[in-house]
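Novice: using only what follows, build the 3D model:
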Amino acid sequence: MSESIIIGVDHGYAAMKTAHFSFHTGLVAHEHEPYTLSNVLEYGGKYYVVGSGRQPLQKDKTQTEDYYLLTLVAIAKELAYRNAGTAADIHLAAGLPLTSFGRDKKAFQDYLCRGGKPVSFRYEGQDYAVTLSKVSLFPQGYAAVLTQNGLLDEPSIIVADIGGWTVDLMRLDDRIPNAATCRSMELGMIRCLDEISEQIRRSLGLSMTAAQIESVLRADASRMDEDAKKIIRQEAERYTKRLLSAIAESGLDVRAMPAVFLGGGAALLKQYVSAADGLCRPIILDDVSLNAKGYERLTEQMAQKYEQ
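Specialist: The predicted model follows:
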């Protein structure tokens, strides 16, 4: 193995994101080989079908092996995409919410790095041998905004990273996060999707999947009950208003300064946030991989400084 390959991974509650991939966090273990090797990880004598649904809520992601296994899948996907071979030394670039960064940093590094020991696994029938020699961690949201040079000239901006379970808030003053403004609210898209699903069930007696609801939020063409579509849009508008109200209650005034919305929730709520009244300047960054790309960029910059 030669020089380390930097791979950014955004460990979301609902989805894992790399610079080139996004996949659901669902992980189902099997003792025996499944009928297909598609999306199948083989590790430690077990088989895991990856990407079906999402993980049960894990506020501490180090308490089970799930996110470590999902990290191996993310690495395999990126190595294959980059034609980088199946044996590699990996410099993993990942993130944590700024509100818990100092508290959780070491534990998450240790969880992912495993002492830098080589690990062997198989993904989709291909053998991999990798070493996670180093793990660099950065604040979520902030890393993504740093990829947007045009935004950094603003004297103050609000950043709202809308994830699966949480919405992480911060204000940047002259490019620097103001620690006193950082908040993490349990108001992510999982809450929104669950509430929409329940309202459709109560009103129409239909049990719709998250994938169906998300397709309407993205304005994808889909054959679906028109009354269900109407409920989805109405509930999305209510959620957006509730989100903006919660941001205001946290002390961040979206009427006074630009507000940057990013993460998986921003991609789904793009049309609703843009239409919201009273916003100074809503900026929607709907690339769900922005955090992962930001982690890679910051890691590369740090490596260049070290070389100099």
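Novice: what does stretch 234-246 contact?
Specialist: Under the criterion C-beta atoms under 8 Å, 6 or more residues apart in numbering, residues 160, 162, 167, 185, 187, 191-192, 195-196, 199, 217, 254, 268-269, 272-273, 276, 279 lie in contact with stretch 234-246. All C-beta atoms are positioned from the backbone trio N, CA, C, and that covers glycine.
Novice: low-confidence ranges in the stretch 201-308 of the chain?
Specialist: For the stretch 201-308 of the chain, the stretches flagged by pLDDT under 70 are 221, 306-308.
Novice: just the strands from the stretch 1-150 of the chain, written as ranges.
Specialist: Assigned by DSSP state E, counting those that start in this stretch, the strands in the stretch 1-150 of the chain fall at 5-8, 10-11, 15-17, 22-24, 27-30, 40-43, 46-50, 87-96, 118-123, 126-139.
Novice: output the longest one as CSV, nothing but the C-alphas.
Specialist: Included here for strand 126-139 are C-alpha records, laid out as CSV according to Å, rounded to 0.1, in the frame of the first residue of the first chain:
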residue,chain,number,x,y,z
GLN,A,126,-15.0,-8.2,-3.9
ASP,A,127,-12.3,-8.7,-1.3
TYR,A,128,-10.9,-5.6,0.4
ALA,A,129,-7.9,-5.1,2.8
VAL,A,130,-7.7,-1.6,4.2
THR,A,131,-6.0,0.2,7.1
LEU,A,132,-7.7,3.2,8.6
SER,A,133,-4.4,4.7,9.6
LYS,A,134,-5.8,8.1,10.6
VAL,A,135,-9.1,9.7,11.3
SER,A,136,-9.6,13.5,11.1
LEU,A,137,-12.8,15.0,12.4
PHE,A,138,-14.4,18.3,11.6
PRO,A,139,-17.6,20.2,12.6
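Novice: for that strand, buried residues please.
Specialist: Residues of strand 126-139 classed as buried by neighbour count (16 or more other C-beta atoms under 10 Å): 128, 130-139.
Novice: and the two most separated of those?
Specialist: The most widely separated members of those are Tyr128 and Pro139, with 29.5 Å between them, by C-beta to C-beta.
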